[in-house]
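**Student:** Fold the following for me, if possible:
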Amino acid sequence: MNFSFAKNKNAIALDIGSSSVKVVQMSQTKRGWELVKAGFAELPPEAIVDGSIIDSMTVTNTVKDLIKEQSISVKDTVSSLTGHSVIIKKVSFPAMSEEELADSIQWEAEQYIPFPIIDVNIDFQILGADTEGRGQMDVMLVAVKKDVINDYTNVIKEAGLNPVVIDVDSFALENMMEINYPVVPGENTAMVNIGASITSISVIFGGLTIFTRSIPMGGNQFTEEIQRQLNISFKDAEDLKTGKKAEAGASASQAIETVSTNLAFEVKRSLDFFLGGSQGSYVNKIYLSGGGSKTAGLPAFMQDKTSIPVEMADPFKNVAIKGKEIDRESLKGMAPFFGVAVGLATRRLGDR
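**Tutor:** Model prediction:
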């Protein structure tokens, strides 16, 4: 699913998150996907808040520096959005062809979008006919505010790149899972992507995202709670959160447990809401990704609170490392940050 601007053959993936920028370049061969370039750069706090770019100059310069550091010459760029300006809904429409829906989507979607229809870009994916034989079909509807798209595309352009596709984080993660983990017929898989300030929760069935929700909490909440309870710097709190510093002590552990409880509750509530509308279904496994998933002990804690098996997603599981300058050990440690970027790097214009 994408909002496209131009044709492209080769493109880089640029994941601009609340606390960092990730860039990935991959190539596809007969044997599968190969990683050519991978880079990571931190953003200062408040540069991006709740998915909205506040300090465009800093974000632009960070992107520029990262592209230069990685010696990337490709200009066409695939990026993505998340947060409250992105509306994703599974809705039912009268059965029709994809072409017919494309012609009428503005009118059909208006009742589901909480913004003036003229202010958003709309895309969709037909999931299939409803199971109750009512002459309806299930459609995943996506709407993104145009001003937010413009903010991100302007940053990309100012960095000397050419935006060709704007995707949504949840669907990029769907693509990442597709190339790394086999689809098991009849199973629902949950993807919980814990960013710095936003956590996206989605359910994938048969390789398609059928449910998604974003909640306004993420890795920063862990750091800020540790910082508050121990009266230490943000950097020291980050190190305690991720286990880089072992002397966490009772206060840090309590802070991590407090936020983990709240996050696990929100994940469980979201999945219970999904299951409530899907009789007879259950979630087989939760995969964690995003920088916040590196929080010490979080996977085990999430599994305990949800009673669902939890595993850290590896976006490079089935991706060969081609770039000679890529440090495999460093990449392994940074893998949780790259889930969205890897999914974006598989995108080509014309995909749905």
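
**Student:** all contacts plus neighbour counts: C-alpha atoms, from now on.
**Tutor:** OK.

**Student:** so Glu238 makes contact with Thr223?
**Tutor:** Yes. In this structure, Glu238 is within contact of Thr223 by C-alpha atoms under 8 Å, at 5.5 Å.

**Student:** pretty sure Gly160 belongs to a strand, no?
**Tutor:** No. Gly160 is assigned coil when assessed by DSSP: H, G, I helix; E, B strand; the rest coil, not a strand.

**Student:** That one reaches Lys64, doesn't it?
**Tutor:** Yes. At 7.5 Å, Gly160 and Lys64 qualify as touching, with contact defined as C-alpha under 8 Å.

**Student:** Sketch out the strands for the stretch 51-200 of the chain, chain order is fine.
**Tutor:** 52-53, 76-81, 86-94, 120-129, 136-145, 162-168, 188-194, 199-205 (DSSP state E, counting those that start in this stretch).

**Student:** and if you look at the stretch 251-352 of the chain?
**Tutor:** 283-289, 310-312, 320-321.

**Student:** what angle sits between the first one and strand 199-205?
**Tutor:** Same thing as strand 283-289. Relative orientation of strand 283-289 and strand 199-205, computed by axes from the mean of the first three to the mean of the last three C-alpha atoms, to 10 degrees: 140 degrees.

**Student:** Only the buried residues of strand 283-289, if you could.
**Tutor:** Val283, Lys285, Ile286, Tyr287, Leu288, Ser289 (16 or more other C-alpha atoms under 10 Å).

**Student:** Tell me how far the closest residue in space to the first one that isn't next to it in sequence lies from Phe211.
**Tutor:** Once its chain neighbours are removed from consideration, Val283 has its nearest residue in Asn188; the separation is 4.9 Å (C-alpha to C-alpha, 6 or more residues apart in numbering). Distance check for Asn188 against Phe211: by C-alpha to C-alpha, to the nearest Å, it reads 10 Å.

**Student:** repeat for Glu257
**Tutor:** Applying C-alpha to C-alpha to Glu257 and Phe211 gives a distance of 27 Å.

**Student:** Same drill for those two, tell me which one is more crowded.
**Tutor:** For the pair Glu257 and Phe211, the greater number of neighbours falls to Phe211 (20 against 17), based on other C-alpha atoms under 10 Å.

**Student:** And the one helix or strand that one maps to, what's buried?
**Tutor:** Assigned by DSSP states H and E, Phe211 falls within strand 208-215. Across strand 208-215, burial judged by 16+ other C-alpha under 10 Å covers Leu208, Thr209, Ile210, Phe211, Thr212, Arg213, Ser214, Ile215.

**Student:** From these, pick the one nearest Ser200.
**Tutor:** Ser214 (4.3 Å; C-alpha to C-alpha).
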